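# The sequence isn't on hand, but the structure is:
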């Protein structure tokens with residue numbers, strides 16, 4: 001694949017279940033930032049963020065296992081397996097830690113990584129993602145368990161269109177999502193979403209140990225994201241909570257100008 005960003009180099013690492021592809025750009029003497037995309041998307045989800053980061057950071061953008069070029073995936077998708085992939089990529093860069101930015105399922109991977117290995121996470125930017133350590137109501141638990149079964153009932157074309165259109169308000173973002181989701185078969189989509197829906201586990205005494213930026217698109221109405229992100233921001237005194245106008249679930253793509261401004265302000269304030 002030709003690099004989408006000047007100087008971006010594709011790398012591959014052998015992992016159980018698949019070869020994980022990732023793209024590296026920037027100066028390796030600068031701080032490392034790892035960008036982790038959402039469910040059924042790919043590393044291109046952050047095309048609008050790379051230009052603003054490339055001067056000050058080395059950037060790593062993986063295709064998460066079961067997505068993009070990191071497929072086919074043998075076996076079930078799981079967030080803990082994706083965490084181990086990211087740790088392997090981090091070791092391959094020769095770094096001990098990094099800043100992490102993720103969207104939706106990418107935030108779940110980052111959260112689980114920070115929970116298991118807080119020493120490798122210098123800071124987190126959470127984009128349109130729920131708090132995976134929350135206590136769920138019985139109805140929320142039921143909905144999560146039912147999600148894979150509900151998805152199987154959808155005709156494939158309707159499933160792709162519904163997922164894409166419900167995740168964005170900007171037509172160019174929806175076009176990207178329809179194209180990227182459409183590269184996965186229905187079986188692959190259900191496999192990914194099954195792993196996503198099983199990643200929540202209640203940890204009542206847990207608190208994030210690093211600087212935390214929470215960003216939500218103003219029109220992101222998926223699931224309990226709006227409520228969960230507000231509650232999470234109140235739970236973490238070191239966090240900053242920003243709502244991006246004119247944006248849905250993919251706020252970094254729907255309104256990249258305002259998203260990037262919030263991202264840069266947070267990054268500039270890091271020690």
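Yep, that arrived. Quick caveat, the model's predicted, so the values are computed rather than measured. Numbers count the residues shown, from 1 in each chain.
# Test my guess that residue 95 contacts residue 32.
Yes: assessed by CB atoms under 8 Å, residue 95 is found in contact with residue 32 at 5.0 Å. (Glycine included, C-beta is placed from N, CA and C.)
# neighbour-wise, which of the two wins?
Ranked by neighbour count (other CB atoms under 10 Å), residue 95 and residue 32 place residue 32 first, with 21 against 16.
# Settle this for me: the more buried one is touching residue 92, isn't it.
No: counting by CB under 8 Å, residue 32 stays clear of residue 92, with 11.4 Å between them.
# Let me see the ranges of the helices in the stretch 51-200 of the chain.
79-93, 105-116, 138-153, 156-165, 171-181, 186-197 (DSSP state H, counting those that start in this stretch).
# Residue 71: which of the ones you listed is closest?
helix 186-197 (6.9 Å; CB to CB).
# Identify all contacting residues around the closest one.
For helix 186-197, contacts defined as CB atoms under 8 Å, 6 or more residues apart in numbering pick out 39-40, 66-67, 71-73, 76-79, 105, 108, 144-145, 147-148, 151-152, 156, 159-160, 163, 181, 184.
# Flag every buried residue along it.
188, 189, 190, 191, 192, 193, 194, 195, 196, 197 (16 or more other CB atoms under 10 Å).
# same check, this time on stretch 177-184
177, 178, 180, 181, 182, 184.
# pLDDT averaged over that stretch - what is it?
Confidence over stretch 177-184 (mean pLDDT, whole number) is 97.
# Ok, stretch 13-23 next?
Stretch 13-23 comes out at a mean pLDDT of 98.
# For that stretch, list every residue counted as buried.
13, 15, 17, 18, 20, 21, 22, 23.
# Among the buried residues of helix 186-197, which one lies nearest to residue 134?
residue 197 (14.1 Å).
# Return the per-residue confidence for that closest one.
90.
# try the one 5 residues further on
Among the per-residue scores, residue 202 shows a pLDDT of 94.
# what's the answer for the one 4 residues further on, then?
Reading off the confidence values, residue 206 has pLDDT 95.
# number of nearby residues for residue 174?
20.
# what's the spacing between it and residue 64?
Using CB to CB, to the nearest Å, residue 174 is found at 21 Å from residue 64.
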